[in-house]
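>>> Fold the following.
(one chain, ligands or ions: 1)
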Amino acid sequence: MKRLFLVALLAVVPATGLAELRIFACEPEWAALAEELGGDLVEVSSATHALQDPHYIQARPSLISRVRRADLVICSGAQLEIGWLPKLLGKANNPDVRPGSDGFFEASMWVSRLDIPESVDRAQGDIHPQGNPHVQVNPHNIATIAIGLGERLARLDPVNGDRYVALSDNFQHRWAAAIERWEKMAEPLEGKRVIAHHKSWVYLEDWLGLEEVANLEPVPGVPPTASHLAELLARFGTEGQGADFIIRAPYQSDKASNWLSEKTGIPAVMLPLTVGGSEAATDLFGMFDDILLRLLKHQ
Ligand SMILES: [Zn+2]
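Residues are numbered from 1 along each chain as shown. Okay, here's the model as predicted:
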């Protein structure tokens, strides 16, 4: 009787209560990927949400305690989180997730990074000296990162190794089919010219054959200024022939893109830069579906 009761009790404990690995993701896209590859073996939380700028957040006490209890920390890396992650790791003082250990996973190190500067000069703004860290907006990058992450989960929790392999295989199959579908869908977008708020979209552009012709930020990391916007207006004129889209992420103010859009007639489009960035972007599949649908609506 006692045993039966215990079984019944276990059945109502949420799956996360029984998780084998506690994962702390810096950004929602990596939390979503960890959930795909870890299923109910992992308990995942994200430091940031889609309406926060992942370059700048506070190392709050609640985040420190989550890092302290984590078995694995997953971040974009390439210095995207340089303003807050070192502080967070230092205060949490958890040797299991120290950079260089198996408990620390830097997603951007698994892909070939774009925009690696020849020389580093911080006066040029937030230039991402290790190359552009916004690697999540090319689904081929996600596939490569998923291979590394799947192996890492199995290494950290070898008892469940087979289950992680099965989850990874399942994800890779569904992902490859989705990529095929997206690439067909995106054909009309090839060659379109983009004015991007921040350099958040270089991997998307590289994937789809889009051309980035300007940024709303005068230098990366510096918010749009009136004089820079005036220059863009002079350059793109009032007929809107020089570009096809003005793109921003949900956490960026829409003021600059709307202003330029009104003056030039170039459509301003908000795209989910991560999971949760739009109503439809409920997971990684929904994120890419919605990015493409939003662009296709305006072409
Ligand atoms: Zn950036």
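>>> what's the burial count for R235?
Counted by other Cβ atoms under 10 Å, the residues lying close to R235 total 13. Yep, even glycine has a C-beta here, placed from its N, CA and C like the rest.
>>> for it, helix, strand, or coil?
In three-state terms, and counting by DSSP: H, G, I helix; E, B strand; the rest coil, R235 is helix.
>>> Excluding chain neighbours, what is closest to it?
Leaving out its chain neighbours, the residue that sits closest to R235 by Cβ to Cβ, 6 or more residues apart in numbering is G242, at 6.7 Å.
>>> For that neighbour, which residues are in contact?
With contacts defined as Cβ atoms under 8 Å, 6 or more residues apart in numbering, G242 is in contact with 193, 213, 235-236, 266.
>>> Of those residues, which is the most crowded?
I266 (25 neighbours).
>>> How many residues are close by the closest residue to F24 other than its chain neighbours?
Excluding its sequence neighbours, the residue lying closest to F24 (Cβ to Cβ, 6+ apart) is A70, at 4.0 Å. Residues lying near A70 (other Cβ under 10 Å) number 23.
>>> do the same with the one 5 residues further on
Other residues near C75 number 24, with proximity taken as other Cβ under 10 Å.
>>> Tell me which other helices or strands the helix or strand where G161 lies touches.
Under the criterion of DSSP states H and E, G161 resides in helix 161-185. Helices and strands touching helix 161-185, by 3 or more Cβ pairs under 8 Å, 6 or more residues apart in numbering; DSSP states H and E, are helix 28-38, helix 139-156, helix 284-296.
>>> Please repeat the previous calculation with a cut-off of 10 Å.
Helix 161-185 makes packing contacts with helix 28-38, helix 139-156, helix 202-208, helix 284-296 when contacts are defined by 3 or more Cβ pairs under 10 Å, 6 or more residues apart in numbering; DSSP states H and E.
>>> still on that earlier bit, which one of the contacts of G242 is nearest to I142?
The shortest approach to I142 among the contacts of G242 belongs to R193, at 25.2 Å (Cβ to Cβ).
>>> picking up where we left off before, what pairs with whichever helix or strand comes after the helix holding G161, and is each one parallel or antiparallel?
Moving toward the C-terminus from helix 161-185, the first helix or strand encountered (DSSP H and E) is strand 193-196. For strand 193-196, the pairing partners within the sheet under DSSP bridges are strand 211-215 (parallel), strand 245-248 (parallel).
>>> Just tell me which of the ones you listed ends up closest to S200.
For these, the distance to S200 is smallest for strand 245-248, at 8.1 Å, taking Cβ to Cβ.
>>> Convert the C-alpha atoms of that closest one to CSV, please.
Included here for strand 245-248 are C-alpha records, laid out as CSV according to Å, rounded to 0.1, in the frame of the first residue of the first chain:
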residue,chain,number,x,y,z
PHE,A,245,13.5,45.9,-45.5
ILE,A,246,14.4,47.7,-42.3
ILE,A,247,14.9,45.0,-39.7
ARG,A,248,15.0,45.2,-35.9
